[in-house]
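# Pasting a predicted model and its sequence here:
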Amino acid sequence: MYPSPHLVGLLLVTGTLFIHTQSNAILLAPAISEAEPALQARGIFYQQSHALDLPSRVRIASSPDGTGMLCTDDEVRLHFQPAQGALQMWQHLFADPEGHTIRCLPPQEIDLAAGAGRYTVTITLTDQFADTFSSSSYYLIPLYPPPTPSPTRSVASSQHSPTPTATILLPRSTPNQNTESGGSDLTRSLWWWVPVATLVFLILILRLRPQRITPPRFQGIIDLRDRETGEHRTILLHNYPAGVAITRQPLDCTPLRSPRSPPAASTCILPGPNGAVLSGETQPTPLIPGEVVMMSHLEIRMR
């Protein structure tokens, strides 16, 4: 049995589109590392325009192969201005309404209402909330439709041969010849099934591969106040990904190497599945933004 022509055509078109996508990825904005903390939002921290010839459908991703997750602290806006037609805008706010959590986004495909043509594409990255900002790369990948195969033309001979009227009888094969022919057909059929089975196996492996999930960031702002000594301290939790131990007299903070082994008899703030957790002499206590927790003479407030 031979592989279906439709399957072979699909593989050829998929391979062509993959190579075409790799070579046509356009960098709209580079990756921007996390900025120094500040007490207020900084507004627009990156903006750039590009004049591009685009098809009617594009993809936005953080990698040139079109698979990278998009992530900006806090907002991205894309303006598509065609040479003729109305402005089209795509935007997304990655932060939650309180500005405490950034949720990444998978690659996005955008249909351009004005169709294929010349566009001025403007990307704007904006910091909406304190205390920092950052962003992944932004690549624009044109999604061209697969090429349409040319119709096959039959060339007619200038001289028409007369239709034969005689019946042609094929010679019968001997039993030995039939056995050899059947063995040859079986070998050829098995030879074609080897690459087809390998291809099906690879497709199943790719489909069953688990998707990468961006882990939540340990973030937030902690205000500390020692009521006995009057000392104050502010902690930015993203600087302590494994947690932080708090000591008194003097009031100080020490980063933890692992959240599973905090120092004994210490007040610690650890990352939990739903946010920051206060751990110490009492049971672990979730820290809720806006609420104040007392630990001995220590006043702890999260915002």
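Yep, that arrived. Numbers count the residues shown, from 1 in each chain.

# Okay, residue 29 and residue 101: tell me how far apart.
Separation of residue 29 from residue 101 (CB to CB, to the nearest Å): 22 Å. The way it works is simple: take the backbone N, C-alpha and C, and place the C-beta from them, glycine included.

# So for these two, which residue has more residues nearby?
The neighbour comparison of residue 29 against residue 101 (other CB atoms under 10 Å) goes to residue 29, with 22 against 14.

# what's the spacing between the more buried one and residue 82?
For residue 29 relative to residue 82 (CB to CB), the value is 21 Å.

# what residues are up against the spatially closest residue to residue 127 that is not a sequence neighbour?
Take residue 127 and drop its neighbours on the chain: the residue closest to it by CB to CB, 6 or more residues apart in numbering is residue 133, 3.7 Å away. Residue 133 is in contact with 32, 34-35, 41-42, 45, 73-74, 125, 127, counting by CB atoms under 8 Å, 6 or more residues apart in numbering.

# cutoff 7 Å now
By CB atoms under 7 Å, 6 or more residues apart in numbering, the contact list for residue 133 reads 35, 42, 45, 73-74, 127.

# Identify the residues contacting residue 77.
Residue 77 neighbours (CB under 7 Å, 6+ apart): 89, 91, 124.

# Please identify which of those residues is nearest to residue 259.
Using CB to CB, residue 91 comes nearest to residue 259 of those, at 35.6 Å.

# count of neighbours near that closest one?
11.

# Now it. Nearest residue, chain neighbours left out?
residue 77 is the one closest to residue 91 (CB to CB, 6+ apart), at 4.2 Å.

# Now do the same for that neighbour: helix, strand or coil?
Counting by DSSP: H, G, I helix; E, B strand; the rest coil, the backbone at residue 77 sits in strand.

# Repeat that for residue 234.
Per three-state DSSP, residue 234 ends up strand.

# residue ranges with poor pLDDT in the stretch 51-200 of the chain?
The stretch 51-200 of the chain contains residues with pLDDT under 70 at 150-190.

# host element of residue 223?
Take DSSP states H and E as the rule and residue 223 turns out to sit in strand 221-226.

# Strand partners (parallel or antiparallel) of that strand?
According to DSSP bridges, strand 221-226 has the following sheet partners: strand 232-236 (antiparallel), strand 298-302 (antiparallel).

# Helices of the stretch 101-250 of the chain, start to end?
Counting by DSSP state H, counting those that start in this stretch, the stretch 101-250 of the chain has helices at residues 175-208.

# Quick check: closest non-adjacent residue to the spatially most central residue of the chain.
Residue closest to the average C-alpha location in the chain (CA atoms, centre = their mean): residue 69, at 2.1 Å. Distances taken as CB to CB, 6+ apart put residue 104 closest to residue 69, at 4.5 Å, once the chain neighbours are dropped.

# Residue 126 versus that neighbour, what's the distance?
17 Å.

# Do I have it right that the residue nearest to the centre of the chain meets residue 62?
Yes: look at residue 69 against residue 62 with CB atoms under 7 Å: they come within range, at 6.0 Å.

# quick one: common contacting residues for these two?
In contact with both residue 69 and residue 62: no residue, using CB under 7 Å, 6+ apart.

# Surely residue 127 and residue 40 touch.
No: with contact defined as CB under 7 Å, residue 127 and residue 40 do not form a contacting pair (9.3 Å).
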